[in-house]
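J.: Structure, please.
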Amino acid sequence: MENVKNRMVSYRVKLGQLLIEARKEKGYSQQTVADLAGISRVSVSYYERGERSINMDDLLHLCDSCGFDYVQIIKKLQKSISKMED
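T.: The predicted structure follows:
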């Protein structure tokens, strides 16, 4: 059970890294992302650090609101997960 929990944390951290990458590519601050997505800056920070899970609906909303390429984010996350599981 502990191994599954550790993997989930790793996935959240990787997703957070990808969100940071997308945000920086746009030149956005965390506050700008928060304002565009209608969420708090603290939530953006939690997502980026992998300290809070984000469900698919909220991820898609965040990406759509900020103009992030969610397909690329999901593909990169999937590739990263595959490497972790090998």
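J.: pLDDT of the helix of greatest length in the chain, averaged?
T.: Counting by DSSP state H, the longest helix found in the chain is helix 2-26. Mean pLDDT, helix 2-26: 89.
J.: What are the contacting residues of the next helix or strand after that helix?
T.: Where DSSP states H and E defines the elements, the next helix or strand beyond helix 2-26 is helix 30-37. Applying CB atoms under 8 Å, 6 or more residues apart in numbering, the contact partners of helix 30-37 are 23, 28, 40-41, 43-45, 48, 61-62, 65-66. (Glycine included, C-beta is placed from N, CA and C.)
J.: ok, 7 Å please
T.: Helix 30-37 is contacted from outside by 23, 40-41, 43-45, 61-62, 65-66, using CB atoms under 7 Å, 6 or more residues apart in numbering.
J.: and if you look at stretch 69-86?
T.: By CB under 7 Å, 6+ apart, the residues outside stretch 69-86 that reach it are 7, 10-11, 14-15, 18, 22, 59-60, 63.
J.: Just give the number of residues close to residue 83.
T.: Residues contacting residue 83 under the criterion other CB atoms under 10 Å number 9.
J.: Assign it to helix, strand or coil.
T.: Reduced to three states with DSSP: H, G, I helix; E, B strand; the rest coil, the structure at residue 83 is helix.
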